[in-house]
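Asker: Need coordinates for the below:
(chains A and B)
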Amino acid sequence: MKKILLVEPDRVLGNIYLRSLIIAKNECLLVTNAEDAIHAIDSFKPDVIILEIQLVEHSGIELIYEIRSYREFKNIRLIILSGVNNDSFNTNRRLFRDELGVDKYFYKPHTQLIELNNYIKSL
Amino acid sequence: MDVEQRKSQIEELSSILNLADQLKLPFLQILKETELEELGLKASLNNIKTSAEFALKLLDSYLLSARLSSQDIELIEEPLSINSILYDCGHVLDQLAKQYGVLIEMNSNSKNFPILGNKTGLESALISLGSSLIESVGTIQGSDLKIYLVSHRTRYGVVAGIYAKNLPASIASLKLAQKIKGLSQQPFPSLIPSAGSGVLIANNIFKLMNLKLYPSRYSKLNGLSTILKISQQLQLI
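Answerer: The predicted structure follows:
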């Protein structure tokens, strides 16, 4: 069982992902914006963060920089699950992987719930 | 091709790109909801229906604005009750609001002054606007998620719009979004996580009805609204 923090701005979509992660026997928390994500990381202490990079007010990339700026959050596994095509991840692989420590970039339309669950299980 | 034609072509293309980005969201909601069945969970038919219905409503509003732009159709002004239009819009939006856990409240201080406008155009614009703002309010954490359908009288006319607490809308962000729609997948980064087509389509429909969409404040609420002319004729009756 993993503790997963899901940062998804669309509440409807977020609840669907939440249900699928819970049925795979994970402990999950859904937040819809970057500010709440920071508070939740502190209190919930997740093993894995799954986040959309298109958030309101602060982008997901800003949030990742913020997370990585704290020593105690450095080992949290980071997965991007986004509606933005992963071309940017492929062209900026060095930035995402080496600098920001992003484990995987999933493009929402091409990633089935079962695929996401399997990936998390493999971590 | 002259400059004006080229400009209008670019405008049309950017609107289509923006709409395409926006439509990803309801399709994703439907797709992921059905995938729950593969995991042994029950998909919510109600959620699927709501997502599909609002995707179709957005397409209808887009088509209305495109037809108005190309002067295929014309919206005739007539005396209307803004309160009854807001009530109808609230009724339509209620389904989407429930899906997002958002409440809708009517707040009218316009004493049912008759206004001049077109019912189809106003309803289409307000429903598009409302659906985007429901999505926006849904990103706020907490239990008191509410949007307000407001009409109130000012010296300029009757203000009608959709408001919420802590809605960070500004004229600058509206102008910027209009400029970068289609180029950016998130033209309202401080307001809406998706493409915000609802606001842009509403803005366009209002413009084509010779109205304007303004960011405004009302009783500690922020929102987007338009100013409608009061029908002088019916006021006499």
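
Asker: Can you give me the pLDDT of the residue lying farthest from the centre of chain B?
Answerer: Among the C-alpha atoms of chain B, the one farthest from their average position, using Cα atoms, centre = their mean, is that of residue B:40, at 36.2 Å. Among the per-residue scores, residue B:40 holds a pLDDT of 95.

Asker: what do you get for residue B:110?
Answerer: Predicted confidence (pLDDT) for residue B:110: 61.

Asker: What of residue B:208?
Answerer: Predicted confidence (pLDDT) for residue B:208: 94.

Asker: What separation do you get for the residue farthest from the centre of chain B and chain A?
Answerer: As for residue B:40, its distance to chain A is 7 Å (criterion: Cβ to the nearest Cβ, to the nearest Å). Quick note: C-beta positions are derived from backbone N, CA and C, even for glycine.

Asker: Quick check on residue B:228: phi, psi?
Answerer: Here is the backbone geometry of residue B:228 (degrees, to the nearest 10): phi -110, psi 150.

Asker: Could you check the pLDDT of it?
Answerer: 95.

Asker: need the contact list for it.
Answerer: B:82, B:115-117, B:122, B:157-160, B:211 (Cβ atoms under 8 Å, 6 or more residues apart in numbering or on different chains).

Asker: The longest helix seen in chain A and chain B, are they touching?
Answerer: Assignment by DSSP state H gives helix A:11-23 as the longest helix of chain A. Yes. Judged by Cβ under 8 Å from any Cβ of the partner chain, helix A:11-23 and chain B are in contact via A:11-13, A:16-17, A:19-20, A:23.

Asker: for that helix, packing partners?
Answerer: strand A:3-7, strand A:27-31, helix A:113-122, helix B:3-38 (3 or more Cβ pairs under 8 Å, 6 or more residues apart in numbering or on different chains; DSSP states H and E).

Asker: relative to helix A:11-23, how tilted is the third one?
Answerer: It refers to helix A:113-122. Angle of helix A:113-122 versus helix A:11-23, following axes from the mean of the first three to the mean of the last three Cα atoms, to 10 degrees, is 50 degrees.

Asker: Over to the residue of chain B at minimum distance from chain A. Which of the three states is it?
Answerer: Minimum separation of chain B from chain A (Cβ to the nearest Cβ) falls at residue B:193, amounting to 3.6 Å. Three-state call for residue B:193 (DSSP: H, G, I helix; E, B strand; the rest coil): coil.

Asker: Now for chain A, the helix or strand with the poorest mean pLDDT.
Answerer: helix A:87-91 (a mean of 73; mean pLDDT, DSSP states H and E).

Asker: gap between that helix and the chain center?
Answerer: 17 Å (Cα atoms, centre = their mean, to the nearest Å).

Asker: for it, packing partners?
Answerer: Going by 3+ Cβ pairs under 8 Å, 6+ apart, helix A:87-91 lies up against no helix or strand.

Asker: Average pLDDT for the helix or strand hosting residue B:178, rounded please.
Answerer: Using DSSP states H and E, residue B:178 sits in helix B:171-180. Average pLDDT, helix B:171-180: 83.

Asker: So what touches that helix?
Answerer: With contacts defined as Cβ under 8 Å, 6+ apart, helix B:171-180 is touched by B:187-188, B:190-191, B:196, B:199-200, B:203, B:213-215, B:224.

Asker: Now with 7 Å, please.
Answerer: With contacts defined as Cβ atoms under 7 Å, 6 or more residues apart in numbering or on different chains, helix B:171-180 is touched by B:187-188, B:190-191, B:196, B:200, B:203, B:213, B:215.

Asker: picking that back up, now do the SS call for the residue farthest from the centre of chain B.
Answerer: With three-state DSSP as the criterion, residue B:40 reads coil.

Asker: Just list the residues touching residue 67, thanks.
Answerer: In the absence of a named chain, this looks at chain A. Counted by Cβ under 7 Å, 6+ apart, residue A:67 has contacts A:41, A:73, A:76.

Asker: that's the wrong chain, I wanted chain B
Answerer: residue B:73.

Asker: swap in residue B:64?
Answerer: B:124, B:205.

Asker: Who's the closest spatial neighbour of the closest residue to chain B within chain A, skipping the chain neighbours?
Answerer: Ranked by Cβ to the nearest Cβ, the top residue of chain A for proximity to chain B is residue A:9, at 3.6 Å. Spatial nearest neighbour of residue A:9, chain neighbours left out: residue B:193 (3.6 Å); criterion: Cβ to Cβ, 6 or more residues apart in numbering or on different chains.

Asker: Good, we can wrap up now.
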